[in-house]
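Undergrad: what's the 3D shape of this:
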Amino acid sequence: MKLIIRSFLFILFLILNSVSVTAQTEDGNKSYIPNITVTTPQAAALSKAGEIPIDISTGRINYTIPVFEIKEGSFTMPINLSYNYSGLLLDESPGYGGLGWNFNIGGSIQHTVNGLNDEGHEYDKGTIDAYVKRIPPYNNSSSVETFTLLKRIADGITDGEPDKYSVNVGDLNCSFYLDKDNNPVFLKNENYKVTGNSTVGFTLTDDKGIKYIFNIPLDASKITADNSVDYKSSFLLTEINFPGTTNKILFQYGAPASYNDFNLSQTLMKNTNSLGNVQSYTLGNNKTYTALTVRKLTKIITNNYSIELQYNNNPTEPALGVISSLKVIDNAANIVKNYDFTFSTWVGRRINLLNVKYNNEVINQMEYDLSLPYPVMSAEIDYVQKDLWGYYNPNARAANPVGLTNPYDNPSIKPNLATTKIGALKKITYQTKGYSLIDYEPNKVYMAAGGYNFPYDSDGAITNPSVIASTSASDGITVEKTFVITKVPAEVTISYRLGNETSMTQNYDQRDTKVLLVKDGDSDSNALFSAQQQWLKELTWIPQKTSFTSGTPSPKVTITVPGTYRIKAMSSAGSTAWISANYLQTEENFNQTVGGIRVQQVKNCDFNGQCITTTYNYTQDAKSTGIMLQKPEFYSGYLTKYGSCNGYGRMDYYNYTSIYPLSNFRGSPVLYKTVEKIDSDGSTLVNGKTVFTYYGSQVQNSLLDEESYFTTGLLDTKTVKDNANTTLTFQSNSYQGGEVRTTPRFVYAVQAKPLIDKSACFWTDILFNTINYKHESKNYALEKQEETNYYAGKELLQRTISTYNLDTGNLKGQSKTNSANETIETKNYYAQDPEMASQPMINDLIATNITGVPLLTQSYKAGTKISEQLTNYDQGTATSNLLVPQAIYAAKFPNTFPNLANIGKLERKISLDQYDDKGNIVQYTLENGAPVSFIWGYYKSQPIAKIENATYSQVSSYVANLQGLSNTGTETDLINALNALRSSLPNAMITTYTHIPLIGVSTITDPKGDQITYIYDSLGRLRFVKDAQGKLLSENQYHYKN
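TA: The predicted model follows:
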């Protein structure tokens, strides 16, 4: 890669980073001037080799390719491709960016059904609320009403659990439930409003008053062996509108299409009689068929341009597809920005993004680990080919009704690194021909042997040679062998054979055989394992079968006490006994491989092959810092059912996969508590290292314990060290611990399962296992951050402490203490605060939900107020009936200003006199200053004239013509008309602008009439800057390797 930028500067300081459209004012007033800025173009930022970002707490790659950004005032909605791959999940269908990539565009609310579908069960929440609060008739746990409710929940008639709704649009990501009054209960407290329901969709209003409308529901149907359920899987975003402009962002979709999903899980059912004897084992194949409706986003419409999308559809399932083209088209129907996305061929539902082109030039090129082919599921049984965490493992086998697999002894679902990392991104080549190489390794956690419950041998297992004891048929003897267990728990696998040698003549009337495992010193009656067989001779041997073996799978015994153990083989003459003990001991603590992959290192190289390697170390003292966030659990419960008033049977249920999700945290099963990030040039450190530590701990039930994930993965400490391992900086963070609102928002849930069913005797005689839990809005914001810099033997500490309103989540105050122990405190007041009750338009601000923007800010030093700023809003003719700021008051303290009603001892610093219908400021006046007016063109998206010392009414007669010329006329005609405006107002200072929509400013003409022209190439990059005489001021040349 090679970039040459050649600049010719003929006039010093002429080319600025930005030309602010502001008046010449005293420094003290500049901060109050509206930020109406025309930015002059810079040399294009090239897609170049740089550090690949990693989600360090999970070890997952987190790479983003920016595509476009939708802007409306201060609102931005980025469109990008993000890569966050943890391995090949068998059941996962790629989204619109291909395998591993998310194409972040548009938005939706995902609907997760818990219990029964909320739709049609809205009133059940009131019943559940009354039951949990013990409100009559549910105040008596033995009442018929309580029994009836629990039975209806268990039978799937009453909905005991609220559904979850997850919002994802741009940078807005949150989840909520609906309580019994249809009010939203956000898991992480948000001051948002939600209206609507699970039938028609929702409107969400954020704390800036921006409304997101989700009113296209997508249907889904789920069919199991027991029933079928129709529900809305999601609600698509159709519109975003704003309180400060009439502009809207609209989203259009294609016709509905559908595809089918299939899931297969297996359950082992053990049937035991009232004596505790196992009657049978039954294997259940749980098949779920889901039909899902999709509607692909085809167009986004804004005031100034539209975005059109095209797709590469799956040839066998056209409802699935990837975005192949994105075009940004201006209002004159010109394609201004054109992005093409090239993909590999489809393999089943999988496809890889190969490159991204911008205006026909490749800016990113990707390569993947395809050393093994993608799986294609052709039969239902193929859907079990996954490890315990759901990653592809072709060795995994379905349990078979013959020789049933033990759910706790299922080695086929052990992770397989080679197949897990199929499709992992391994190389990115950039526009400059620099590149990044990514290496992966398996996730690992540090475990104690006593906490290990995976259904296969651990990585800490030590296999010992088999110990064998066997007898001879020639005489009746006992043979013993011993072995020593030093590490517990230990697992002993037993194999045995008991045989009747019928050709032998000794002992011809009775033969006895027995094998056992016993702890040394214990009697045989306390054996840990035993098997015996007797043969009696009548006319023939009874039983006629002459050999009995341990079978498959072999019996296993878990030993929890260290010591000497003994196996015995005993047989009378004419028979034989043989026993083998294979014992597996486990290290007390060990690093254990779990599902998924993590980034081991990233090598970032420039076009000459000069590389910096970033290595991630997830161990400390050879111990993995990873923890399992959810242990697997295979036992799902039991039901004891009486067929009569005396006899009963018990059914125990075991799953072959975990009943709790194992990867609920960002799709990862692991949290790394400490990670070191180390940069080197291959042989020596170049930037020292950075050490990160994170908050988080294991949960007991990932289905119910959602709150813990808001603190999991939060940065605890960050330490930066130099090449000599000397600490340079140390940062520590502490957070709110899930404090509840002072006015609580919550919704209850109840799960009920029958444990003992005696309904055959009496209708209400059923014992239920019930779980009551509560979803409640809580706060998790950063409360304190301390950063210590170590310099010249000194420790320089800076501390920031933040306080919040527990109901709104707004930042109430923040104090910053520097190394000299000086403290500056800032206090913020918002529309919902009682201190703001007398301010104008306050009820309108609350009704519009503009509640997250400070109206009053006060600053204190050492407890004494030093400054204050107040913003007043208005809504009327001057604001085009938009609710927008109208004036800003401010002052330093102490002062001698008069105390104004509802204002205080403040001065009016600026009046925002007039707005147009798009929310653009068309006139403002600074304190004791002349008015400044603006004319907005290009469909009122860009300023084309700034007029100082003139009111908007003085220039209003020119507006329509200038706007029309900017919308549809030529640039020459527009420049001529702007020059005419300048000539007609000799007492005003007028700066004018023309633009190339979506590219940049084209010309800037100062009040003296001197014009600067900016010229771009076909990729929208700045090439030339010329003065009014056409002379070259600067030139940018772009050259790349090859």
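Undergrad: Run through the bridge partners of the nearest residue to Ala291 once chain neighbours are set aside.
TA: Excluding the flanking residues, the one nearest Ala291 by CB to CB, 6 or more residues apart in numbering is Ser221, at 4.6 Å. (Glycine included, C-beta is placed from N, CA and C.) Applying DSSP bridges to Ser221 yields these beta-bridge partners: Asp230, Ala291.
Undergrad: isn't Ser221 right up against Lys232?
TA: No. If you go by CB atoms under 8 Å, Ser221 and Lys232 don't touch, sitting 10.9 Å apart.
Undergrad: Which residue of the two possesses the greater neighbour count?
TA: More crowded of Ser221 and Lys232, by other CB atoms under 10 Å: Lys232, with 22 against 16.
Undergrad: which ones are touching that one?
TA: His111, Glu119, Ser198, Thr199, Pro217, Leu218, Asp219, Ala220 (CB atoms under 8 Å, 6 or more residues apart in numbering).
Undergrad: Now which of those residues would you call buried?
TA: Buried members of these, counted by 16 or more other CB atoms under 10 Å: His111, Glu119, Ser198, Pro217, Leu218, Ala220.
Undergrad: Check the gap between the fourth one and Gly201 for me.
TA: It stands for Pro217. Distance, Pro217 to Gly201, by CB to CB, to the nearest Å: 6 Å.
Undergrad: tell me, what's touching those two both at once?
TA: Residues touching both Pro217 and Gly201 (CB under 8 Å, 6+ apart): Phe235.
Undergrad: Let me know whether Lys603 touches Lys427 as I believe.
TA: No. Counting by CB under 8 Å, Lys603 sits too far from Lys427 to count as a contact (9.6 Å).
Undergrad: Find the residues that touch each one of the two.
TA: Common neighbours of Lys603 and Lys427 (CB under 8 Å, 6+ apart) are Ser436, Leu437.
Undergrad: Once you drop chain neighbours, what's closest to Met504?
TA: Computed as CB to CB, 6+ apart, the closest residue to Met504 that is not its neighbour in sequence is Gly574, at 4.2 Å.
Undergrad: what's the domain layout of the chain?
TA: 1-26+35-55+930-1042, 461-586 (automatic domain parsing).
Undergrad: Comparing those, which yields the minimum mean pLDDT?
TA: Ranked by mean pLDDT, the domains of the chain bottom out at domain 1-26+35-55+930-1042, with a mean of 79.
Undergrad: Off-centre distance for that domain?
TA: With CA atoms, centre = their mean, to the nearest Å as the basis, domain 1-26+35-55+930-1042 stands 40 Å off its chain's centre.
Undergrad: again, but for stretch 584-597
TA: Remark: stretch 584-597 is offset 27 Å from the chain centroid, using CA atoms, centre = their mean.
Undergrad: buried set for it?
TA: For stretch 584-597, by 16+ other CB under 10 Å, it's Leu584, Gln585, Thr586, Phe590, Asn591, Gln592, Thr593, Val594, Gly595, Gly596, Ile597.
Undergrad: Rebuild these as CSV, extending it with secondary structure.
TA: Putting the buried residues of stretch 584-597 into CSV (DSSP: H, G, I helix; E, B strand; the rest coil) gives the following:
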residue, secondary structure
Leu584, strand
Gln585, strand
Thr586, strand
Phe590, strand
Asn591, strand
Gln592, strand
Thr593, strand
Val594, strand
Gly595, strand
Gly596, strand
Ile597, strand
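Undergrad: okay if I get those residues as CSV plus distance to Ser658?
TA: Output for those, formatted as CSV (distance: CB to CB, whole Å):
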residue, distance to Ser658
Leu584, 23
Gln585, 26
Thr586, 21
Phe590, 21
Asn591, 21
Gln592, 15
Thr593, 16
Val594, 12
Gly595, 11
Gly596, 14
Ile597, 19
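Undergrad: Where does pLDDT dip in the stretch 701-850 of the chain?
TA: 763-764 (pLDDT under 70).
Undergrad: got the residue ranges for the strands in it?
TA: Using DSSP state E, counting those that start in this stretch, the strands of the stretch 701-850 of the chain run over 715-721, 727-735, 739-740, 746-757, 766-776, 778-779, 782-791, 794-804, 811-817, 823-829.
Undergrad: do the stretch 201-350 of the chain as well
TA: Using DSSP E, counting those that start in this stretch, the strands of the stretch 201-350 of the chain run over residues 201-205, 211-223, 228-242, 245-253, 257-273, 278-294, 297-301, 305-313, 321-330, 335-343.
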